[in-house]
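> Quick one, fold the following:
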Amino acid sequence: MPNKVETPPAGDTRELAKTFAKKFGNELGFQYFSEGLTESEATEKALEKAFADSKAKDNEIAQLQAKIAAFEKDEEDKKKDEEEDDKKNDHSKEYAQLKEEFAKLQEAFKRVGQAGNAFTDGEATPVPADTAPKTKKEFSPLPPGMQGYTEKFLQKK
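Residues are numbered from 1 along each chain as shown. As a prediction, the model looks like this:
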């Protein structure tokens with residue numbers, strides 16, 4: 001029990017209640033006034049409550065900061081995963097494009113083979129007759145029409 005508080009006259013009670021209400025707010029001011037606390041005791045109690053509230057807010061802020069940090073880390077991890085997936089997708093697109101080009105080349109090669117088979121009807125490819133080795137021509141300073149005369153002249157001697 002608080003120390004015995006002298007009961008002020010009725011006019012002073014209203015003024016004291018107004019002072020408590022102005023200083024501590026309506027709810028706390030009237031609570032402290034109804035408890036019969038002096039102004040200094042009420043101030044001390046209000047400071048204790050404010051300090052406790054401040055500590056609770058500090059804890060709440062720390063928890064929210066931890067949640068924000070965890071959220072940011074998750075977002076960074078998601079972004080890294082998406083970048084890795086994009087890189088994988090780029091390679092798969094390139095692979096699909098190369099595979100398609102390879103299939104086109106195979107198809108073209110088959111068509112060329114089919115065209116060759118249609119030309120030969122399954123027979124061996126004919127070799128042209130003029131593919132026999134040719135003799136090497138000798139260079140003569142004489143015009144082409146006179147070369148024969150020179151050879152005849154040399155044979156007579």
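> What average pLDDT does the longest helix seen in the chain get?
Ordering each helix of the chain by length in residues (DSSP state H) puts helix 39-120 first. Across helix 39-120, pLDDT averages out at 85.
> Likewise for stretch 16-24?
82.
> quick one: contacts for residue 34?
Residue 34 makes contact with no residue under the criterion CB atoms under 8 Å, 6 or more residues apart in numbering. All C-beta atoms are positioned from the backbone trio N, CA, C, and that covers glycine.
> Around residue 21, how many other residues sit close by?
16 (other CB atoms under 10 Å).
> tell me the angle the helix or strand harbouring it makes with helix 39-120.
Using DSSP states H and E, residue 21 maps to helix 10-24. Angle between the axes of helix 10-24 and helix 39-120 is 30 degrees (criterion: axes from the mean of the first three to the mean of the last three CA atoms, to 10 degrees).
> need the next SSE after helix 10-24, C-terminal direction.
Assignment by DSSP H and E places the next element after helix 10-24 at helix 26-35.
> buried ones in that next one?
The neighbour-count check on helix 26-35 (16 or more other CB atoms under 10 Å) flags 28-29, 32-33 as buried.
> closest to residue 57 among the residues you listed?
Residue 57 lies nearest to residue 28 out of the buried residues of helix 26-35, by CB to CB, at 17.3 Å.
> one step back: contacting residues around the helix holding residue 21?
7-8, 29-30, 32-33, 39, 42-43, 46.
> if we can go back for a sec, other SSEs contacting the longest helix of the chain?
Secondary-structure packing of helix 39-120 (3 or more CB pairs under 8 Å, 6 or more residues apart in numbering; DSSP states H and E): helix 10-24, helix 26-35.
> would CSV of the ones you listed with distance to residue 85 be doable?
Formatted as CSV, those follow (distance: least, CB to CB, whole Å):
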stretch, distance to residue 85
helix 10-24, 59
helix 26-35, 56
